[in-house]
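Peer 1: pasting a predicted model and its sequence here:
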Amino acid sequence: MKKLQGFKTWVKGRDDQMALFIILCGVLVVVLFYFKDNVSSFLFKDKDSKTEYTEISGENDYNRIENGIHVRTGLIDADGLTLVVNNCTYCHSAELVMQNRMDKESWIATIRWMQRTQNLRDLGEDEEIIVNYLVTNYPPIDKGRRAVLSNIEWYEFKE
Amino acid sequence: MKRRNFVKNTLLGSMTAAIGTDIVFGSMMPNHYKPLALQEPDPFKLFNLDDSMVVLNSKPWNVEAKAHLLDDRITPNKFMFIRNNGIIPENIDVNKWTLTIDGESVKQKRTYSLEELKSKFKQYTYQLTLECGGNGRSEFDPPAKGNQWTIGAVSCANWTGVRLRDILADVGVKDDAVYIGYHSTDIHLSRDPNKEPISRGAPMPKVMQNETLIAFKMNGEDIPLSHGYPLRLVAGGWPASVSGKWVNRISVRNIIHDGAKMTGTAYRVPCNPVGPGEKVKDEDMCIIESMPVKSLITYPKSGAIIKEGNSLHIRGHAWAGELEVSKMKYSIDFGSTWNDCSIEKPINRLAWQHFKASIAFPKKGYYEVWARATDTKGKNQPMLLPGWNPKGYLNNACHRIAVKVS
């Protein structure tokens, strides 16, 4: 009798395990279905963080820094780089950022213009970090009313 | 395997970004296959540019020439600056391309096929100077926002097409027409299909000029993709942004056209002069029309070292927007004395003019040759930067090259 009871308990336990297994499978299916559109972006993020690893191994690296320069964009590696890369190089190239040397006020005016006409998002707290990066690493250069000729490549002139 | 998937995924992602549409069946694409649009990511090959051209911006594409590259009398494609506000259109089907004329001031809307335009209207060819309104922006202090053009955002190619005035006469325009605005198939940088990267235009007197063309050929061949294939509005002598590329619609307006980059600070300068860095209200900004008098020394290249006693032959081009250049001078002593260059008449209205001079240097040393054009209204190019303006337009300061006599 005791033996039978033991068997019954065992079977019941099996049933519970089975039920749990089936429920878990169901949950997994639901979760997968729910996130199916985001699976690639999960993969993307996952791989993106793995690029840190490839940097060390010397393989082709999406966000490699060389001599203080973010190789893919040419931007200076400093506080705020990632925010600048992510927010400022989606619509236009980083070249447009680097060739514009403006003060804080002008950058904020430019950001407002991009928000008004170019679908730039509200940058929230990121705005200050981005503007600081820009004015620190790409400050305006005084040019005066007419600069001297520079970078002249001298050559022997032959008619 | 995962890594390969990732590479393929990111490649597809950037392809999608570059083309602007989803790549259908992207997952079935063979690993080595790239869509046509991306087979050549090198802009020099993609746009058939000379190696010496300077890329200012790769998205959107903005490329300029250097002075010595512009030595040809008629600018070939390989030395032509490229200025884009948005992304170059993809999948252009010329067989289906049409030009629609609409707007408040047309008697009725009308659509033409390319073939119709070519066969129905008389064709004309003019050599037309196109200069970016922001050419020379890099010299302004305090700096002005935008692509930092130096001197190479100007060209003078042959454009073949039909007169816009002939098309408008065929459509029928009401008396209240004041402006036209162009619409094009380029893509906004944000990829918002409801936004146009640029939609500018010109007032009716400019529209009705003989030289204002709806062009389909540049230098005798189909217009290159980067310059507006298959159809471009060409209005010489005005900021090149008036000459809309990839045009498929012209609206005849009963108001000053209010499309993208017609308002705010875009292609506008303070109506009254302002000090460097001053804030200017939108309502105090006026639309740029004719470009100012300007010139370039295209030969020799800056940096020439010549032997004492030898004279130096210089040459170049000069232009003056709607006007002509009446006088051309050079100085080798920073403007203390000026000497005449010979200057040719333009081959047609709104084409640049060619100048040349032979220069003797008094002794050894470092010199700069400065060139200065004067327009038919007596206006000279300034030696210093002209009036500062918020977007850094209209820098027509004298061009100069360095020369050493040894």
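Peer 2: Yes, it's here. Source: prediction; values computed, not measured.
Peer 1: what's the neighbour count on B:Ser326?
Peer 2: Neighbour count of B:Ser326, defined by other Cβ atoms under 10 Å in any protein chain shown: 17. For every residue, glycine as well, the C-beta is placed using N, CA and C.
Peer 1: and it, helix, strand or coil?
Peer 2: strand (DSSP: H, G, I helix; E, B strand; the rest coil).
Peer 1: kindly report the same for A:Arg112.
Peer 2: Assignment for A:Arg112 (three-state DSSP): helix.
Peer 1: any stretches of chain B with poor pLDDT?
Peer 2: Low-confidence segments of chain B (pLDDT under 70): B:1-40.
Peer 1: that one: helices as residue ranges?
Peer 2: B:2-19, B:43-46, B:114-120, B:164-171, B:204-207 (DSSP state H).
Peer 1: beta partners of the residue of the stretch 301-406 of chain B found nearest chain A?
Peer 2: Nearest residue of the stretch 301-406 of chain B to chain A: B:Ala304, at 3.7 Å (Cβ to the nearest Cβ). Beta-bridge partners for B:Ala304, by DSSP bridges, are A:Tyr155, B:Val403.
Peer 1: what's the local residue count around it?
Peer 2: B:Ala304 has 22 nearby residues by other Cβ under 10 Å.
Peer 1: now swap in B:Lys377 and tell me
Peer 2: 10.
Peer 1: again, but for B:Trp149
Peer 2: B:Trp149: 26 neighbours (other Cβ under 10 Å).
Peer 1: how about it, what does it touch?
Peer 2: B:56, B:64, B:81, B:132, B:134-138 (Cβ atoms under 8 Å, 6 or more residues apart in numbering or on different chains).
Peer 1: also B:Ser199?
Peer 2: B:Ser199 touches B:181-184, B:244, B:257, B:259-262, counting by Cβ under 8 Å, 6+ apart.
Peer 1: chain A: strands as residue ranges?
Peer 2: For chain A, strands defined by DSSP state E occupy the ranges A:65-66, A:69-70, A:155-156.
Peer 1: residues in contact with B:Tyr112?
Peer 2: B:98-101, B:120, B:167.
Peer 1: do B:Lys59 as well
Peer 2: So B:Lys59 contacts A:91-93, A:96, B:87, B:189 (Cβ under 8 Å, 6+ apart).
Peer 1: deepest-packed of the strands of chain A, please.
Peer 2: Of all the strands of chain A, strand A:69-70 has the most neighbours on average by mean count of other Cβ atoms under 10 Å in any protein chain shown, namely a mean of 16.
Peer 1: still on that earlier bit, of all the strands of chain A, which one comes closest to B:Lys145?
Peer 2: B:Lys145 sits nearest to strand A:69-70 of all the strands of chain A, at 22.6 Å, using Cβ to Cβ.
Peer 1: state the mean pLDDT of the closest one.
Peer 2: Averaging pLDDT along strand A:69-70 yields 96.
Peer 1: state the pLDDT value of the closest residue to B:Ile306 other than its chain neighbours.
Peer 2: Nearest residue to B:Ile306 in three dimensions, chain neighbours excluded: A:Phe157, at 4.9 Å (Cβ to Cβ, 6 or more residues apart in numbering or on different chains). pLDDT, A:Phe157: 96.
Peer 1: ramachandran angles for A:Phe157?
Peer 2: When read as degrees, to the nearest 10, the backbone of A:Phe157 gives phi -80, psi 130.
Peer 1: that one reaches B:Ser302, doesn't it?
Peer 2: No - using Cβ atoms under 8 Å, A:Phe157 is not in contact with B:Ser302; the gap is 10.9 Å.
Peer 1: ok, back up a step: dump the contacts of B:Lys59 to TSV, plus distance to B:Gln381 and neighbour count.
Peer 2: Converted to TSV, the contacts of B:Lys59 look like this (distance: Cβ to Cβ, whole Å; neighbours: other Cβ atoms under 10 Å in any protein chain shown):
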residue	distance to B:Gln381	neighbour count
A:Cys91	36	20
A:His92	32	18
A:Ser93	32	20
A:Leu96	29	21
B:Ile87	35	20
B:Leu189	34	20
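Peer 1: nearest to B:Val94 among these?
Peer 2: B:Ile87 (19.3 Å).
Peer 1: you'd agree B:Asp141 is up against B:Gly275?
Peer 2: No - using Cβ under 8 Å, B:Asp141 is not in contact with B:Gly275; the gap is 11.9 Å.
Peer 1: between those two, which is the more surrounded one?
Peer 2: Counted by other Cβ under 10 Å, B:Asp141 and B:Gly275 do not tie: B:Asp141 has more neighbours, with 18 against 8.
Peer 1: among the contacts of B:Tyr112, which are within reach of chain A?
Peer 2: Applying Cβ under 8 Å from any Cβ of the partner chain to the contacts of B:Tyr112, one finds that nothing falls near chain A.
Peer 1: and B:Gln148, how many neighbours?
Peer 2: 24.
Peer 1: just B:Met383 next, same as before
Peer 2: 15.
Peer 1: what's the burial count for the nearest residue to B:Thr298 once chain neighbours are set aside?
Peer 2: Leaving out its chain neighbours, the residue that sits closest to B:Thr298 by Cβ to Cβ, 6+ apart is B:Asp71, at 4.0 Å. Residues near B:Asp71, counting by other Cβ under 10 Å, number 17.
Peer 1: surely B:Asp71 touches B:Pro300?
Peer 2: No - the criterion here is Cβ under 8 Å, and B:Asp71 misses it with B:Pro300 at 9.3 Å.
Peer 1: start to end distance for stretch B:319-337?
Peer 2: 22 Å (Cα to Cα, to the nearest Å).
Peer 1: er, stretch B:130-148 I mean
Peer 2: 18 Å.
Peer 1: just list the residues touching B:Leu114, thanks.
Peer 2: B:94, B:97-99, B:216, B:230-231.
Peer 1: 10 Å - rerun?
Peer 2: B:Leu114 is in contact with B:94-99, B:216, B:230-231, counting by Cβ atoms under 10 Å, 6 or more residues apart in numbering or on different chains.
Peer 1: ok, and the most crowded of those residues?
Peer 2: Counting neighbours by other Cβ under 10 Å, B:Leu231 leads those with 25 neighbours.
Peer 1: how much space is there between that one and B:Glu115?
Peer 2: Distance from B:Leu231 to B:Glu115, counting by Cβ to Cβ, to the nearest Å: 12 Å.
Peer 1: which neighbours do these two share?
Peer 2: B:94, B:97.
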